[in-house]
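Chemist: Following is a predicted model, sequence given first.
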Amino acid sequence: MKVNKAVIPAAGMGVRFLPATKAQPKEMIPIIDTPAIQYIVQEALDSGVKDILMITGRGKYAIEDHFDKSPYLEEFLADKGKEDLLALVREIGSLARLHYLRQKEPLGLGHAVLCARQFVGNEPFAVLLGDDIVRSKRPCLQQLMDLYAEMPGTILAVTEVPPEDVSKYGILDAEPLRDGVYRVRDMVEKPRPEEAPSRLAVIGRYVISPRIFPILAATPPGAGGEIQLTDALRVLCREEPVYGLIFKGRRYDVGDKLGYLKATVEFALDRPDLGPEFEAYLKELVGEMG
């Protein structure tokens with residue numbers, strides 16, 4: 001069965017970016033001039049997924065406004081003859097079939113995914129987390145969908161991390177099937193380095209079987225009183241095939257200040273309108289500091 005729907009949980013409080021997120025959604029913090037959430041939506045579209053459900057929370061209206069049409073702004077830009085900006089604004093307002101559902105309580109990622117049950121129905125679906133932006137020739141989600149077409153099951157995007165970083169992630173206990181593909185036996189959430197079964201860390205891209213929904217509904221709150229998606233995936237991998245795929249691409253954790261800065265610098269260097277001057281500035285700055 002083809003993956004036709006995607007879920008983007010966007011209800012987090014964004015505490016790692018306070019005070020910037022006190023009055024605006026963390027998902028709307030821009031990488032230069034494009035909100036982080038737009039990169040996530042674009043990845044789903046580039047992977048062929050057109051129906052997208054945003055799980056939002058209180059104070060997230062700016063996300064809906066961003067992807068909505070803006071008649072007043074469009075009229076203003078048209079009157080000023082700013083045709084390039086007008087086309088850009090109109091394109092954003094017609095990117096995808098976006099649906100919105102509010103998570104009324106901050107009960108965790110697992111609960112946010114469970115909120116999508118009626119939207120998804122009984123079919124496989126994608127989950128894309130807004131803190132992870134992946135730059136790659138072939139969209140990260142498309143890579144997962146390619147493997148799903150070959151090996152139906154739940155597919156987790158994974159990357160190999162240094163031993164000192166395993167305590168930041170869900171880590172796979174898995175057996176290799178071929179280069180870059182693993183069959184998941186179990187998962188350990190944020191283990192100490194000496195207790196980690198591997199260095200294969202799960203990042204924020206998934207293709208998930210609908211069997212996850214009854215499992216999530218029966219999953220008790222875990223760490224922090226939240227329903228953890230990892231806990232449900234651990235149960236799922238004992239019932240159905242769950243695979244880990246080492247994706248090809250560069251991943252940025254834009255929910256982390258350093259990861260955000262890295263993304264901003266590297267995206268700027270790649271832009272024809274900014275890159276040459278910005279690179280010259282950085283070289284000058286490094287020379288002055290050195």
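Modeler: That came through, no problem.

Chemist: quick one: low-confidence ranges for the stretch 151-290 of the chain?
Modeler: Within the stretch 151-290 of the chain, the ranges that satisfy pLDDT under 70 run 223, 290.

Chemist: Do a quick rundown of the strands in it.
Modeler: Under the criterion DSSP state E, counting those that start in this stretch, the stretch 151-290 of the chain carries strands at the ranges 154-160, 170-178, 181-189, 200-208, 242-246, 250-253.

Chemist: of all the ones you listed, which lies closest to residue 225?
Modeler: strand 181-189 (14.7 Å; Cβ to Cβ). All C-beta spots, glycine's among them, are computed from the backbone N, C-alpha and C.

Chemist: What residues sit buried inside that closest one?
Modeler: 181-184, 187-189 (16 or more other Cβ atoms under 10 Å).

Chemist: Adding distance to residue 219, write those out as a markdown table.
Modeler: Listed next are the buried residues of strand 181-189 as a markdown table, based on distance: Cβ to Cβ, whole Å:
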| residue | distance to residue 219 |
| --- | --- |
| 181 | 27 |
| 182 | 23 |
| 183 | 22 |
| 184 | 17 |
| 187 | 13 |
| 188 | 16 |
| 189 | 13 |
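
Chemist: For residue 196, state which of these is nearest.
Modeler: Using Cβ to Cβ, residue 188 is the member of the buried residues of strand 181-189 that sits closest to residue 196, with 6.7 Å.

Chemist: The closest one touches residue 169, doesn't it?
Modeler: No: using Cβ atoms under 8 Å, residue 188 is not in contact with residue 169; the gap is 9.5 Å.

Chemist: Which parts of this protein belong to which domain?
Modeler: Using automatic domain parsing, the domain parsing of the chain gives 5-255, 256-290.

Chemist: Buried deepest among those, which one?
Modeler: Sort the domains of the chain by mean neighbour count, taking mean count of other Cβ atoms under 10 Å, and domain 5-255 sits at the top with a mean of 18.

Chemist: In the protein, which residue is most central in space?
Modeler: Per Cα atoms, centre = their mean, the C-alpha nearest to the average position across the chain is that of residue 129, at 2.5 Å.

Chemist: all helices of the chain, in order?
Modeler: Taking DSSP state H to define them, one finds helices in the chain at 36-46, 61-67, 71-79, 83-92, 109-114, 117-120, 140-150, 212-217, 229-239, 257-269, 275-289.

Chemist: Now tabulate these in TSV and tack on distance to residue 245.
Modeler: Output for those, formatted as TSV (distance: least, Cβ to Cβ, whole Å):
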stretch	distance to residue 245
helix 36-46	15
helix 61-67	28
helix 71-79	40
helix 83-92	30
helix 109-114	19
helix 117-120	21
helix 140-150	5
helix 212-217	17
helix 229-239	14
helix 257-269	21
helix 275-289	31
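
Chemist: closest one to residue 194 among the ones you listed?
Modeler: Judging these by Cβ to Cβ, what sits closest to residue 194 is helix 229-239, at 20.0 Å.

Chemist: Who are the packing partners of that closest one?
Modeler: Contacts defined by 3 or more Cβ pairs under 8 Å, 6 or more residues apart in numbering; DSSP states H and E place helix 229-239 against helix 109-114, strand 154-160, strand 181-189, helix 212-217.

Chemist: TSV for these, including distance to residue 203?
Modeler: Formatted as TSV, the helices and strands packed on helix 229-239 follow (distance: least, Cβ to Cβ, whole Å):
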stretch	distance to residue 203
helix 109-114	13
strand 154-160	5
strand 181-189	13
helix 212-217	18
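
Chemist: out of the ones you listed, which comes closest to residue 264?
Modeler: Once those are compared by Cβ to Cβ, strand 154-160 is nearest, at 20.6 Å.

Chemist: and the angle for that closest one with helix 229-239?
Modeler: Angle, strand 154-160 to helix 229-239, by axes from the mean of the first three to the mean of the last three Cα atoms, to 10 degrees: 120 degrees.
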